[in-house]
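1. I'd like to go over a predicted model; first the sequence, then the structure.
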Amino acid sequence: MTLTRLGTDQAAAGAVALDSGASGNPESRDSAAKATPDGNAKTTGRDWMDTTRRDFLTTAASAAGAAMTGDHEHLHSHDHEHQAVPSDFALRVKSLESLLVEKGLVDRAALDVLVDAYEHKIGPRNGARVVARAWTDAAYKHRLMTSADAAIAELGYGGMQGEHMVVVENTAKVHNLVVCTLCSCYPWPVLGLPPVWYKSAPYRSRAVIDPRGVLREFGLEIPEDVEVRVWDSTAEVRYLVLPERPRGTEKMSQEELAALITRDAMVGVAKVALPQEGTRA
Amino acid sequence: MNGVHDMGGMHDMGPIEYEKDEPVFHAAWEARLFALRRAMGAWRKWNIDATRYQVELVPPAAYLELSYYARQLVAFLEMLPKSGLVSKAEIENATPVPKQPKATPALTAEKAAQLVARGVPTSREVPVTARFEVGQQVRARNMHPAGHTRLPRYARGKRGTIDRDHGVFVFPDTNAHFLGEKPQHVYSVRFSARELWGEQAASHDSVYLDLWDDYLEPA
């Protein structure tokens, strides 16, 4: 394993100190911590830019706004000067939730349903069951490859950020890898919410220009004669990789197979390994 | 917009930081924010493309330094007052303006469960003629709109082949700016890695991008 692993403490600290995503190195953690203002909840937070930079951005934003027409022009006249970064995310979100609930705009019970769904119900176990079924049922696999939405719905999965699904198959000659270079598009109904590394600049920037290097970083060496296909899912279609079924699993049940299938294998940054070969998250 | 969010092909962003047994959320506020954005989205004062554009407008230095959910929070705080549902002053003071009628939440627990299960499809069942067919050679247009677009910079001006037609979808470039859905075909377009990156790329590797009709021209 050559990947840096963030410890839980570090990640938790990062949530407060601005950097749980793009910058996990000690240097930027320090600079982020130094930049955190006095913690006063009422402050609009620190300004990110000096005046010159702000002016430039305001001008640029106005130009972008001017290029647009229509009834909602107010939405385009962005004023970066007031685009403040809150000093304390936890406090800010808490007070925002209270405000929106108090105004009757938000129902706390609805928030609880959403959080519970993605924290406890929807995750890579769903995708693993889809893959295990496809490995053991040729007719299902055919439906999955030709009409993924319907085939995935057969197992009871579907919905938000998986409204339009496509499944791509890894073989001895083809290796598929999924990314979203523009943001974080990911097939939620089958894999849950994406991990931090998937949404991070290092992965998003390099997966398209150097997929073999990225895969090597994940410990996966793709032979030269194997074709690498990168799916940059920047539209509304979401991709699931159907990994290769490892040899030696012929006698396993669907449930046993599903237990072997990892999130990473269904994104395309890992292969499915037998238990004795060591497993990855 | 040619923003820092459009990072496909950039160098020097550092190693991929892999967290073993990563939790779904790293802090409770991330989970609440995640849910608040969907609950407020149910008022239909904006759409998914508008929210993506709002995140792209997070100033570039901040965009790179902030975590994913921190960026979302900054964008959400910008988006809320524009909706007219809540004012900037109310957000700053964390207190509603007095004597206003209380609203009825747009998203109930029951509707939240439906939202999770059904999602918000962006395909449209309208008859729109496809300008291209599977197997056809195309070129991604060399265009640089200052507003929202889902045509990554690295593909602009490059030649590819239509691999499949996904059907008709809402067009983000207009939808993000509330200029209409302009539904049109989206195609999976295969670009050879060498067309995109030159001789350094493996000869048989490729990148597939889902591109709207308006992003393409015949090659």
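-> Thanks, I have the structure now.
2. hey, where'd the helices end up in chain A?
-> A:8-16, A:26-35, A:51-66, A:89-102, A:108-116, A:124-136, A:138-146, A:148-154, A:188-191, A:196-199, A:201-209, A:211-217, A:254-260, A:263-267 (DSSP state H).
3. Would you reformat those as TSV and include distance to chain B, mean pLDDT and mean neighbour count?
-> C-beta coordinates here come from the backbone N, C-alpha and C atoms, glycine included. TSV is the format used below for the helices of chain A (distance: least, Cβ to the nearest Cβ, whole Å; pLDDT from 0 to 100; neighbours: other Cβ atoms under 10 Å in any protein chain shown):
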stretch	distance to chain B	mean pLDDT	mean neighbour count
helix A:8-16	4	34	17
helix A:26-35	7	32	13
helix A:51-66	4	34	15
helix A:89-102	4	96	19
helix A:108-116	4	98	19
helix A:124-136	11	98	22
helix A:138-146	11	98	15
helix A:148-154	10	98	18
helix A:188-191	8	98	27
helix A:196-199	5	98	23
helix A:201-209	4	98	24
helix A:211-217	5	98	19
helix A:254-260	16	97	16
helix A:263-267	9	98	26
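4. Distance to residue B:181 added to the ones you listed, as JSON lines?
-> Listed next are the helices of chain A as JSON lines, based on distance: least, Cβ to Cβ, whole Å:
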{"stretch": "helix A:8-16", "distance to residue B:181": "36"}
{"stretch": "helix A:26-35", "distance to residue B:181": "40"}
{"stretch": "helix A:51-66", "distance to residue B:181": "21"}
{"stretch": "helix A:89-102", "distance to residue B:181": "28"}
{"stretch": "helix A:108-116", "distance to residue B:181": "25"}
{"stretch": "helix A:124-136", "distance to residue B:181": "30"}
{"stretch": "helix A:138-146", "distance to residue B:181": "28"}
{"stretch": "helix A:148-154", "distance to residue B:181": "21"}
{"stretch": "helix A:188-191", "distance to residue B:181": "23"}
{"stretch": "helix A:196-199", "distance to residue B:181": "27"}
{"stretch": "helix A:201-209", "distance to residue B:181": "27"}
{"stretch": "helix A:211-217", "distance to residue B:181": "33"}
{"stretch": "helix A:254-260", "distance to residue B:181": "39"}
{"stretch": "helix A:263-267", "distance to residue B:181": "30"}
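5. Return the residues in contact with the closest residue to chain B within the stretch 51-200 of chain A.
-> Of all residues in the stretch 51-200 of chain A, the one sitting closest to chain B is residue A:181 (3.3 Å; Cβ to the nearest Cβ). Counting by Cβ atoms under 8 Å, 6 or more residues apart in numbering or on different chains, residue A:181 makes contact with A:204, A:205, A:207, A:208, A:232, A:234, B:6, B:7, B:8, B:9, B:152, B:154.
6. Could you double-check that the second one sits in contact with residue B:13?
-> Spelled out, that is residue A:205. Yes. Using Cβ atoms under 8 Å, residue A:205 is in contact with residue B:13, at 4.6 Å.
7. intersection of neighbour lists for the two?
-> Joint contacts of residue A:205 and residue B:13 (Cβ under 8 Å, 6+ apart) are residue B:7.
8. If we go by neighbour counts, what in the top helix by length along chain B is buried?
-> Once chain B is assigned using DSSP H, the helix that runs over the most residues is helix B:68-83. Residues of helix B:68-83 classed as buried by neighbour count (16 or more other Cβ atoms under 10 Å in any protein chain shown): B:68-82.
9. Kind regards, and thank you for your time.
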